[in-house]
Every structure is written in C-alpha cells, then in structure tokens.
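K.L.:
build me a structure from this.
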Amino acid sequence: MLNGHPKEVDELDLVRKFRETALSVVPLLLIVIVLQLTIAPIGWDAVGVFAIGSLLIIVGLSLFLLGTEIGIVPVGQNTGSALVKKRNLPLMLTVGFIIGVVITIAEPQVQVLAGQVTLLAPHVNKNTLVIAISLGVGLFVAVSFARIIFSTSYRYLILTFYLMVMVLAILVDSFFLGIAFDAGGATTGPMTVPFILALGVGVAGVRKSKNSEQDSFGLVGIASIGPIAAVLIMGLGGKTESSSVGFSETETAVEIGFSGVLGSSAIEVVQALAPLALLFVIFQITLLHQQRRTVIRMIQGLIYAGVGLVLFLVGVNGAFMPVGRLLGASIGASSHLWVLIPIGLFLGAVVVLAEPAVWVLTDQVRDVSGGSINRSMVLVFFSIGVSIAVGLAMLRVVSGLPLALFLIPGYAIAMLLMFLSPPFFTAIAFDSGGVASGPMSSSFLLAFTLGASAAAGGDPFSDAFGIVALIAMTPLITIQLLGIIYKRRSTNE
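P.N.:
Numbers count the residues shown, from 1 in each chain. Model prediction:
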C-alpha cells in the first residue's frame, strides 16, 4: 500500500468493504420490514429510523475496517515482532498485561455491559466490575504471550482453564453466571480484537516455529477466559439476589432516534481510541521507531477507524438497540411466543455478519493461511453457530430453562472437538467465540431478548443475560467442525 498510491488503493478498498458490509446489514433491515408487515408492527417511523441506522452502520463499519487494516493491525503486528526480538520475557509479559488492561477499560462494549448489569442490579458496583474484567483480560493476554514463547499446547491450556472456570461456576451463586460469561464475550469488541489478533500474528511470525500458523491465533480465545474467571471470583464473596429493578413492558417503548446519541458515541470512541493512541506513541518511541510515512499512515488509519466507529455506534445506539427492544416486546406480548425461536435462529445468522471483529478475524485467517482456508466457508459456519445460539436464547425466554443447562454440555462438546479438529482451527474457533459476541450482539440481540422477556412476563435479568455467553460458545463447536471437514477433505485428496 505504501509503495503505490495509498489514497487510490484506500478508495478501492473502501468500495469493496462498503459492498461487503451492505450485503451483511441489508438482510437485517428486510427482516425488520417483514416483521413490521406481519407479527410485530412497530410503526413505519421506527422502521425509517432503522433504515437510516442501517446506512450509518454500513458506512461506519466500512470506514472502521479500512482503518484497522491500514492503522491498527500493522502496529499490532510490528509491536508483537519487536517484543519478541527484545528477548526479554518479563518485558513482554508486562507489556501484554498493560495492553490487555488498558484496551479493556476503554472498550465500549465493556462499558455497555457493565451499565446494563448495574441498571438491573444497582448493588453491583460498575467500576469494580470493569476493573475486575480488565485485570482478567490483562493477565490472560500475558499468559497467551507466555504460551507462544514456551510453545505450550493450546488445547491443553484451554482445557485446563475451562475446567477451572467450570469449578468456579459450580461454587459461585448463579446470579453471577450469566454476567461472567457475557463479560467474556463483551471484552472482545471492535477495539480489542484487531490489536490483540495483530499482536499474536506479530509474535508468532518472528518465532517462525512449525506451529507459527497455529500460534497466530488463540490470543483472543485465551484472553476472553480472564473476565469470566474474574467475575466468578467476584461472586465467591457471597450470594447475591437480583434486584427487582428491571424493564417493564412500558419501558420497552423507548424513544427511537439519534438525538443525543452522536455526542455520547463520540465520547465512547474517544475513550476507546485515546488509550490505544497513547500506547502507539509509547511503542513508537520505545520499540518500533517507524519511518515518518508509516506513522502518518497509522494516524490516518486511526482517524478512519474513529470516524467509522462513531457512525457505527450512532446507528447501533440510536436505531438498532431501541428497535430491537421494541421488536422483542411486540413479539413477547403476543399469543405466539414460540415464534421467537425461529426468528432468533434467523436473526443470529444475519446479525453476526455485521460484527466488525468477525470481518477482521476472517481477513486474518485468509492472510495467515495464504488463502487456503475459504473465507466464505468460515463466515457460513460463523452464521450457523450464532444462529443456534440466538435460537437457544429465545428458547430460554419461552421456557425459562437455566443457562447452565446449555453452557455445560456446550463447552464439554467444544473440549472434545479439540482432540478431533486440527490445532489451527481450534485456535481460530476459540478466537471466533470472542469476536462473534460483538457490539451487534450486546446491542440489538440483547435488547431484543430483554424486550421479549419483559413483555412475556419473565425475569429479564435471568432470561436475557446469557445470550452473549451462548453466542460466544457456539462458534467453538461449528468452527472446529469446519476444521474436521477440512482435515478429511485434505486426507482424501
């Protein structure tokens, strides 16, 4: 890019990304229109606002993806490479810990999740929850670095950590279970994923071991375990009952529109980008020493990503979240509650394709594999996994079944598949679980579930929280199944 005409290349890339994101978001708009015409009439004004929000998301997501490609990902890869070349393990682990903590505190998704938890359970301190989640991510990013350096088996490390999590889940009060697993998904948002993925590629690329391709992935998967463990440890202090504060049926009729959303979204993005920009400055001075043209390119990428993320969040907060809650409430209040399940299956399949981090991950998979892994197939198996997850979440709303009934067998299946799927696909799968549960999941889908649960007369706290956890779990299974298919296909050739 830097050796040609970067402006012209950027324009071509932006058009390509605009086309890809439009194909992802437009089907969701069509779903809303169909629901408006059939079982969930929410008013054409709301549909019009949703259409404007869809356009903002398409433009914003396109700019964000272009910005991460030219600004965030190269810095992450170069930082990972520079850290390994220093041959200073304490420095590497310390930097990994700091990166994990700083980026997670700034991650908009974490702030949104913590806000939703404290809204329904005011006795939970928001700052304490955010700090615990951030420390968990920082610690496990450092563990991920150590794994690559010492060539530790990914599958056995994952197995050990998830067994630890399951023991904690048994000991802790169920009040914290949904929050903990949702926290694991919320930490891997649009700011965290690109940089952590790039760090992994950079670290693995320098080592050039026989497992370099596999080691390029897995950081997100391990990092997302940290907040789960941290919140569960928080819950060991004693039993806590959920608050009576919740969403009533009338409260689901929230105001839809973009008034005031632009300012709050811009503040969220500044909070997310400022620590990242500061880290870039520190890395440039101490580690990277990049040429001026490269630094300018990095700044350009950050600007693209920032503007894109603002537009994306305006569309999400001003249209997708309130319309999602209205749709859920409209269907939840109807006599055909069972229809939530097929609608959830369809919504999950479509919404995941609008997640920013999903596109970043699939780009990395294509690049690292040299194109041998079909990007479209990865996206299809992503969609299948999240479709099942949202369908199960709607089943919980309809039936009131406990979250543990799905999480325990689901993770058990994922652990068993680790010994059948190629290690490279296992690492991708556990990264996939984190990236699938992005801002679209924690906004539109969670809002939809909250609205449906409240209108159906259920408990939004126990029924709705856990949808992000299910979305983070099912790709672990489907992507590893894709790996088994690839393994058999390559064996037969």
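
K.L.:
what residues sit buried inside whichever strand or helix holds Asn78?
P.N.:
Taking DSSP states H and E as the criterion, Asn78 maps to helix 73-86. For helix 73-86, burial by neighbour count (16 or more other CB atoms under 10 Å) applies to 73-84. For glycine as for every other residue, the C-beta is placed from the backbone atoms N, C-alpha and C.

K.L.:
with stretch 140-157 instead?
P.N.:
Quick answer for stretch 140-157 (16+ other CB under 10 Å): 140-145, 147-149, 154-155, 157.

K.L.:
cool, and stretch 294-302?
P.N.:
294-295, 297-298, 300-302.

K.L.:
which of the buried residues of stretch 140-157 sits closest to Asp10?
P.N.:
Distance to Asp10 across the buried residues of stretch 140-157 (CB to CB) is lowest for Val141, with 30.2 Å.

K.L.:
contacting residues for the residue nearest to that closest one when sequence neighbours are not counted?
P.N.:
Once flanking residues are discounted, Val141 sits nearest to Gly100: 3.6 Å by CB to CB, 6 or more residues apart in numbering. Contact analysis of Gly100 by CB atoms under 8 Å, 6 or more residues apart in numbering lists 134, 137-142, 196, 223, 226.

K.L.:
which one in those residues is the model shakiest on?
P.N.:
When these are compared by pLDDT, Ile196 scores lowest at 83.

K.L.:
mind listing what's buried along whatever helix or strand that one lives in?
P.N.:
Assigning secondary structure by DSSP H and E places Ile196 in helix 192-207. By neighbour count on 16+ other CB under 10 Å, the buried set for helix 192-207 is 192-206.

K.L.:
point to the residue nearest the middle of the protein.
P.N.:
Centre of the chain computed as the mean C-alpha position; nearest residue by CA atoms, centre = their mean is Gly438, 3.0 Å away.

K.L.:
so how far is stretch 118-126 off the chain centroid?
P.N.:
22 Å (CA atoms, centre = their mean, to the nearest Å).

K.L.:
ignore the last one, stretch 147-163
P.N.:
That offset, for stretch 147-163, works out to 22 Å (CA atoms, centre = their mean).

K.L.:
convert stretch 333-351 to CSV, retaining C-alpha atoms only.
P.N.:
Extracted in CSV, the C-alpha atoms of stretch 333-351 (Å, rounded to 0.1, in the frame of the first residue of the first chain):
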residue,chain,number,x,y,z
ALA,A,333,-46.5,-9.7,24.3
SER,A,334,-48.2,-11.7,21.5
SER,A,335,-50.0,-15.0,21.9
HIS,A,336,-47.5,-16.7,19.6
LEU,A,337,-44.5,-16.6,21.9
TRP,A,338,-43.0,-19.7,20.3
VAL,A,339,-42.3,-17.7,17.1
LEU,A,340,-39.4,-16.1,19.0
ILE,A,341,-37.3,-19.3,18.4
PRO,A,342,-37.4,-19.4,14.5
ILE,A,343,-37.0,-15.6,14.5
GLY,A,344,-34.0,-15.9,16.8
LEU,A,345,-32.4,-18.6,14.5
PHE,A,346,-32.7,-16.2,11.5
LEU,A,347,-31.6,-13.1,13.4
GLY,A,348,-28.5,-14.8,14.7
ALA,A,349,-27.5,-16.0,11.2
VAL,A,350,-27.7,-12.4,9.8
VAL,A,351,-26.6,-10.2,12.7
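
K.L.:
which other residues reach that stretch?
P.N.:
Contacts of stretch 333-351 (CB under 8 Å, 6+ apart): 24, 27-28, 31, 35, 39-40, 249, 328, 331-332, 383-384, 386-391, 393-395, 397-398, 440-441, 444-445, 448, 452, 455-456, 471.

K.L.:
now which of those would you call buried?
P.N.:
Buried by 16+ other CB under 10 Å: 24, 27-28, 31, 35, 40, 328, 331-332, 383-384, 386-391, 393-395, 397-398, 440-441, 444-445, 448, 452, 455-456, 471, out of the contacts of stretch 333-351.

K.L.:
out of the residues you listed, list just those in helices.
P.N.:
In helices, defined here by DSSP state H, the members of the buried ones among the contacts of stretch 333-351 are 24, 27-28, 31, 35, 328, 331-332, 383-384, 386-391, 393-395, 397-398, 440, 448, 452, 455, 471.

K.L.:
what about the spatially closest residue to Leu159 that is not a sequence neighbour, how many neighbours?
P.N.:
Of all residues not flanking Leu159 in the chain, Met415 sits nearest, at 5.7 Å (CB to CB, 6+ apart). By other CB atoms under 10 Å, the residues close to Met415 number 16.

K.L.:
could you check how far Met415 is from Ile170?
P.N.:
Per CB to CB, to the nearest Å, Met415 is found 16 Å from Ile170.

K.L.:
likewise for Gly257?
P.N.:
45 Å.

K.L.:
mind listing what the residue nearest to Gly80 when sequence neighbours are not counted touches?
P.N.:
Nearest residue to Gly80 in three dimensions, chain neighbours excluded: Gly202, at 2.5 Å (CB to CB, 6+ apart). Counting by CB under 8 Å, 6+ apart, Gly202 touches 76-84.

K.L.:
can you list those in TSV and add pLDDT and distance to Gly410?
P.N.:
Converted to TSV, the contacts of Gly202 look like this (pLDDT from 0 to 100; distance: CB to CB, whole Å):
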residue	pLDDT	distance to Gly410
Gly76	84	30
Gln77	84	33
Asn78	88	37
Thr79	88	34
Gly80	85	31
Ser81	86	36
Ala82	87	39
Leu83	86	35
Val84	81	35
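
K.L.:
low-confidence ranges, the protein, go.
P.N.:
The chain contains residues with pLDDT under 70 at 1-9, 108, 190-191, 206-215, 238-256, 439, 442, 493.

K.L.:
quick check, Ala142 in contact with Gly96.
P.N.:
Yes. The pair Ala142 / Gly96 is scored as a contact, 4.2 Å apart, by CB atoms under 8 Å.

K.L.:
what do the two both touch?
P.N.:
With CB under 8 Å, 6+ apart, Ala142 and Gly96 have no common neighbours.

K.L.:
if we can go back for a sec, so which of the buried residues of helix 192-207 comes closest to Gly67?
P.N.:
Using CB to CB, these come closest to Gly67 at Pro194, 9.2 Å.
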